[in-house]
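[1] After the sequence you'll find the predicted model.
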Amino acid sequence: MSTYTKRRPQGGPRKRRAFHSGGGPRRKPFQNNRKRFSGNYIDPSKFVNKAQPAESEQPYVPQNTFNDFAIDAELKKTIAEKGYVHPTPIQDQAIPHIIEGKDVVGIANTGTGKTASFLIPLVSRVRTNSEKKTLVLVPTRELALQIDTELKGLTRGMRLFSVCCVGGAPIGKQIGMLRYPNQFIIGTPGRVKDLIERKKIRLSDFDAIVLDEADRMLDMGFVHDMRFVMAGMPKEHQTLFFSATMSPEIERLITEFLHNPVYISVKTSDTSKNVEQDIVRVERGSGKFEVLQQLLSKEEFSKVLIFGRTKHGVEKLSIALGQCGFKSESIHGNKTHSHRQRALGAFKDNRVQILVATDVAARGLDIADVSHVINYELPMTYEDYVHRIGRTGRGTKRGTALTFID
């Protein structure tokens, strides 16, 4: 909700105009961004950065092609059919070490092909030995489902099976699917821990574990669940650890969870060079929602991801945009699993122009051709900002990130 006070004429009565999407108490207008913002203060200059022309960057020269890797021939064929010849930097450097069975720490920007860097060698080893089993832990159900989709694309026709074990979805159905042989279990830490305690997942069956978006799992308070799962893994197992950041807390987890790992860092900068970043200043006497409407009405705003801070605020904003004629969906923690998937599907398939989300959509989601990310409300930390704007400008595509400053 955005409220503002319209400047009154000399001697006239004071009037207040307010945008309310769905009712609720009115808030007093706030004077400056720093006072109202409850997260870490972020200097607005950090939200401004010009995208760099591609020719200004030195292109990465891969040491391998996918055909060079010591992976299953059928898998090579599938990769070739997808049109992939040269791996991304993280794939080029990580895949050989994973094939050798080493523990790997991968630090990489979002949108760099990280998921395939661990799926390709792990699928290949199952093709060699069908008894091999892998557990993949991720912070959100959306990321789990996205990895599962990518896995199914790589293994079509290979008779390899997987199951997603995530919160917010019926546990009974997941328990039923776990009765069948699955070479991959992909899940969120809380739900996986629950299923282990119910004796529906036996960690002794697994000889590899992937901790993907480990920094986000740490941020979301999953560290105890991660430790519970890692403590139950067999003594001899392979651990793959991927993160976008390397904080002291992450370094401690690496020391705790991994044995003599190979460190691979292909992170080039905090934010993608493909993303044009700027701020939108909303002056006193102007309406924040009206400014947003004007932006979204422009032709170039073809596929827009808008971030808010609270579940209630995100839902209200999405409803208000719909009432103004925009095709909009929302995604946040109060939505059921099926509702979130329907909203994501509509956005991915371009059936809606706008997806309004909390930070649940800030990491891991790979949605093609997002033209703009709009921070309608400021992120809690600069790290959250980096992950939010990473939803646009993915791969070689260009994108724009705009941050509202009051």
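    Good, I have the coordinates.

[2] Can you list the residue ranges for strands in the stretch 251-400 of the chain?
    262-265, 275-281, 304-307, 328-331, 354-357, 372-375, 399-405 (DSSP state E, counting those that start in this stretch).

[3] Could you quantify the relative orientation of the second one and strand 399-405 as an angle?
    Same thing as strand 275-281. With axes from the mean of the first three to the mean of the last three C-alpha atoms, to 10 degrees defining the directions, strand 275-281 sits at 20 degrees from strand 399-405.

[4] centre of the chain versus strand 275-281, how much separation?
    For strand 275-281, the separation from the chain centroid amounts to 21 Å (computed by C-alpha atoms, centre = their mean, to the nearest Å).

[5] cool, the fourth one as well?
    Centre-to-centre, strand 328-331 and its host chain are 16 Å apart (C-alpha atoms, centre = their mean).

[6] Other residues contacting it?
    By C-beta atoms under 8 Å, 6 or more residues apart in numbering, the residues outside strand 328-331 that reach it are 142, 314-315, 317-319, 321-322, 340, 342-344, 346-347, 352-358, 360-361. The C-beta positions use only the backbone N, C-alpha and C, and glycine is treated the same way.

[7] again, only this time at 6 Å
    314-315, 318, 321-322, 340, 343, 346, 352, 354-357, 361 (C-beta atoms under 6 Å, 6 or more residues apart in numbering).

[8] Also the second one?
    Outside of strand 275-281, the residues within contact range by C-beta under 6 Å, 6+ apart are 44, 47-49, 51, 389, 392-393, 399-405.

[9] can you pick the most crowded of those residues?
    Among the contacts of strand 275-281, I389 has the most neighbours (other C-beta atoms under 10 Å), with 32 neighbours.

[10] Run through the residues that contact that residue.
    275, 373, 401.

[11] Quickly list what the second one is bridged to.
    Bridge pairing for V373 (DSSP bridges) gives the partners L305, A401.

[12] What distance do you get for it to D194?
    According to C-beta to C-beta, to the nearest Å, V373 stands 33 Å off from D194.

[13] cool, the first one as well?
    Counting by C-beta to C-beta, the gap between V275 and D194 amounts to 38 Å.

[14] quick one, which of V373 and D194 is more surrounded?
    Comparing V373 with D194 by other C-beta under 10 Å, the one with more neighbours is V373, at 25 against 18.

[15] Surely F257 touches M230?
    Yes - counting by C-beta atoms under 6 Å, F257 touches M230, with 5.2 Å between them.

[16] of these two, who's got more company?
    F257 (21 against 18).

[17] Tell me who's in contact with that one.
    F257 touches 230, 239, counting by C-beta under 6 Å, 6+ apart.
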